[in-house]
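Q: Provide a 3D model corresponding to the input given below.
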Amino acid sequence: MKQLLEILNIIDGYAWGPVLIVLLLGTGIFLAFRLGFPQLRRFKHAMALISGRYDDPEDEGALTHFQALAAALSATIGTGNIAGVGIALAAGGPGAIFWMWVTGFLGMGVKYTECTLGHHYRVVHEDGTASGGPMYYLERGLNAKWLGITFAIFALVASFGIGDMVQANSVAKPLADNLGFPTLATGFIMAILVGLVIIGGIRRIGRVASKLVQLMSIAYVIGALIILIANYEKVPGAFALIFNSAFSVKAASGGFLGATLLHIIREGVARGLFSNESGLGSAPIAHAAAKTKEPVREGLVAMVGPFVDTLIICTMTALVIIATGVWDSGLTSSPLTSLAFQTGLAGGEWIVTFGLVFFAFSTMISWSYYGDRCAEYLFGKKAVMAYRWVFVLVIPLGAYTEIGLIWLLSDIFNAMMAFPNLIGIIGLSPVVYKLSKEYFSREHIPVQPKVTIFRQFWKMTGE
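A: The predicted structure is shown next:
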């Protein structure tokens, strides 16, 4: 087993290595220029869409714009915001947070592209529900069904790991450590609660996710704000440390593992991608279920996801850790975040503990939907209910067992999802450009003025 884990660790290092990071960042840069920086120029309209101003209950689909965003956010707001930030700081230092911001900003454009495609190429069923995602736009748009099958296999396997057993374990362990609650009991309780939600399908998932995302995000952000207000004089210094360390060629302190600029960038980008999942292809599956006849609208709604997930929640976590002075304590992952909240606020560690519980639960219900859409694509509609029951039944197993092997396997498959998806969104970027140009010329929506330095580039791309 030890040798197997060592081999998987090596594979995982390559899977989340420089090739994937360069591809994801390069894709983000390319799409930002090609589409005219929608994350800047179309953000106001995206917020209007989320408010429900453009909702039409007669449109095909199962979820409102906000519910679709909540379903996607409930899969991304989770351990990445708590444990991921702690890992980035411990391994890459404060400078890694800057590169998380870069990933979040570029990821907004990637999410816009992939979710516009996911909605455009979706399949609407007789009952009004819809199926979409990379497997559909790879097959129907790029005419590469084999890539669609490849993506669906990777996502299906990842759903049982990163979206199920790993999440169950991340809830059971802190409850056992802090409250002495039996891990197996936690697993069975979570299985029942998750089953009650996901057996009802995407409409019930959307309703529950929309409530949970609001509740858990507000509670976590309020706790972080209280700590930051109490330490307001240290916040400017925390920002300064992040910026000053972002391009450092050596560690600013011996308290973290990062020592080179490349390592700092890798940690920030990898943790940012793990947090917001931009480019991995999971979010388009949820956004394809939105009730709208305008794919561009759903792409804009999806674009807000990385903003909330990475640029707001991850930033607040990082500032709390740095402002409370524990970032170089030698701890990593969620224990580092827990120590920071405990240091800054009496009982603050419980915000992290119960935040992990709610975040993990919401991640599970959304990833179950990702998995059942992939099961439907691979094996037909009859496989969906069987998949949901298996998903529920393995939750206690994930809560009770040592999760190291499962974590590594699911992390590898999670990374592998990106490769076919990136081929799809780059190859189909002209479709998104055309849809965007047609939509905005018809809607006459005011935009932010273009940045002068990029004016010539936009002319070259045909705008």
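Q: which residues touch the residue nearest to A70 when sequence neighbours are not counted?
A: Among residues not flanking A70 along the chain, S210 sits closest, at 4.0 Å (CB to CB, 6 or more residues apart in numbering). All C-beta spots, glycine's among them, are computed from the backbone N, C-alpha and C. By CB atoms under 8 Å, 6 or more residues apart in numbering, S210 lies in contact with 66-67, 70-71.
Q: doesn't S210 lie inside a helix?
A: Yes - remark: S210 belongs to a helix, assigned using DSSP: H, G, I helix; E, B strand; the rest coil.
Q: how close does it get to Q67?
A: Per CB to CB, to the nearest Å, S210 is found 5 Å from Q67.
Q: closest to G347 among the contacts of S210?
A: Relative to G347, the closest of those is A70; by CB to CB it sits at 27.8 Å.
Q: that closest one sits in which helix or strand?
A: A70 is part of helix 65-76, with elements assigned from DSSP states H and E.
Q: run the chain-centre distance for the helix or strand following that helix.
A: Counting by DSSP H and E, the next helix or strand C-terminal to helix 65-76 is helix 79. Remark: helix 79 is offset 10 Å from the chain centroid, using CA atoms, centre = their mean, to the nearest Å.
Q: what's the answer for stretch 34-50, then?
A: For stretch 34-50, the separation from the chain centroid amounts to 19 Å (computed by CA atoms, centre = their mean).
Q: got the contact list for P284?
A: Neighbour list for P284: 114-115, 117-119, 132-134, 137, 302 [criterion: CB under 8 Å, 6+ apart].
Q: how about it, secondary structure?
A: Applying three-state DSSP: P284 is helix.
Q: then K293 would be within a helix, right?
A: No - going by three-state DSSP, the assignment for K293 is coil, not a helix.
Q: was I right about it contacting E58?
A: No - counting by CB atoms under 8 Å, K293 sits too far from E58 to count as a contact (9.3 Å).
Q: quick one, which of these two is more surrounded?
A: Set side by side, K293 and E58 show unequal neighbour counts under other CB atoms under 10 Å, the larger going to K293 at 11 against 6.
Q: state the distance from that one to L138.
A: 23 Å.
Q: on that earlier part again, buried ones from the contacts of S210, can you make that a ChimeraX selection?
A: Entered in ChimeraX, the line below selects the buried ones among the contacts of S210, by 16 or more other CB atoms under 10 Å:
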select :66,67,70,71
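Q: so which of the contacts of S210 is the closest to G206?
A: Q67 (3.8 Å).
Q: how deep is G404 tucked in, by neighbour count?
A: Neighbour tally, G404, other CB under 10 Å: 13.
Q: which positions within the helix or strand containing Y14 qualify as buried?
A: Following DSSP H and E, one finds Y14 within helix 2-15. Residues of helix 2-15 classed as buried by neighbour count (16+ other CB under 10 Å): 8, 11-12, 15.
Q: show me what that helix is packed against.
A: Packing partners of helix 2-15 (3 or more CB pairs under 8 Å, 6 or more residues apart in numbering; DSSP states H and E): helix 404-416.
Q: how near is the residue nearest to A70 to I365?
A: Taking CB to CB, one finds S210 at 11 Å from I365.
Q: then D177?
A: According to CB to CB, D177 and I365 sit 24 Å apart.
Q: of the two, who's got more company?
A: Legend: neighbour count by other CB under 10 Å for D177 and I365, higher for I365 (26 against 12).
Q: tell me the secondary structure at the more buried one.
A: helix.
Q: please apply the same query to A346.
A: Going by three-state DSSP: A346 is coil.
Q: can you get me a residue count around it?
A: 8.
Q: so for H120, what's the nearest residue that isn't a sequence neighbour?
A: P295 is the one closest to H120 (CB to CB, 6+ apart), at 3.9 Å.
Q: for the protein, what helix or strand is lowest in average pLDDT?
A: Here the helix or strand of the chain ranked lowest by mean pLDDT, DSSP states H and E is helix 455-460, holding a mean of 43.
Q: still on that earlier bit, and the angle from the helix holding Y14 to helix 404-416?
A: Helix 2-15 runs at 20 degrees relative to helix 404-416, counting by axes from the mean of the first three to the mean of the last three CA atoms, to 10 degrees.
Q: so what touches the helix or strand just after helix 2-15?
A: Per DSSP H and E, the first helix or strand lying C-terminal to helix 2-15 is helix 18-34. For helix 18-34, contacts defined as CB under 8 Å, 6+ apart pick out 39, 102-103, 106-107, 109-110, 112-113, 265-266, 269-270, 273, 278-279, 415, 418-419, 422, 425-426, 429, 433, 454, 457-458, 461.
Q: so where's this structure shaky on pLDDT?
A: Along the chain, the parts satisfying pLDDT under 70 run over 75, 202, 249-259, 443-463.
Q: so who does the residue sitting nearest the centre point of it touch?
A: Nearest residue to the geometric centre of the chain (CA atoms, centre = their mean): N276, 2.7 Å. The neighbourhood of N276, defined by CB under 8 Å, 6+ apart, consists of 76, 80, 103-104, 107, 111, 305-306, 309-310.
Q: for Y136, same thing?
A: 118, 121-123, 148, 288, 377.
Q: quick check, nearest of those residues to T401?
A: Nearest member of the contacts of Y136 to T401, counting by CB to CB, is Y377, at 29.1 Å.
Q: you'd agree that closest one is up against K145?
A: No - the pair Y377 / K145 is not scored as a contact, 10.0 Å apart, by CB under 8 Å.
Q: out of the two, which sits in the busier spot?
A: Taking other CB under 10 Å, Y377 and K145 do not tie; Y377 has more neighbours (25 against 12).
Q: look up how far L117 lies from the more buried one.
A: If you go by CB to CB, the gap between Y377 and L117 works out to 15 Å.
Q: thought I406 was touching V166?
A: Yes - using CB under 8 Å, I406 is in contact with V166, at 6.3 Å.
Q: any residues in contact with both of these two?
A: G398.
Q: and those two? Which one has more around it.
A: A count of neighbours by other CB under 10 Å puts V166 above the other of I406 and V166, at 24 against 20.
Q: phi and psi next, for the more buried one.
A: phi -60, psi -40 (degrees, to the nearest 10).
Q: identify the spatial nearest neighbour of it, chain neighbours not counted.
A: Sequence neighbours aside, W407 is the residue nearest to V166 in space, at 5.4 Å (criterion: CB to CB, 6+ apart).
Q: where do the strands sit along the chain?
A: 123-124, 130-131 (DSSP state E).
Q: just checking: what are the partner strands of the last one?
A: Translated: strand 130-131. Partner strands and pairing direction for strand 130-131 (DSSP bridges) are strand 123-124 (antiparallel).
Q: L215 contacts F359, correct?
A: No - assessed by CB under 8 Å, L215 is found out of contact with F359, at 11.0 Å.
Q: and those two? Which one has more around it.
A: Counted by other CB under 10 Å, L215 and F359 do not tie: F359 has more neighbours, with 29 against 12.
Q: skip the chain neighbours and tell me the closest residue to the more buried one.
A: G78 (3.8 Å).
Q: how far away is the one you found from S366?
A: Following CB to CB, the distance that separates G78 from S366 is 10 Å.
Q: who's more crowded, these two?
A: Neighbours were tallied for G78 and for S366 using other CB under 10 Å; the higher tally belongs to S366 (33 against 30).
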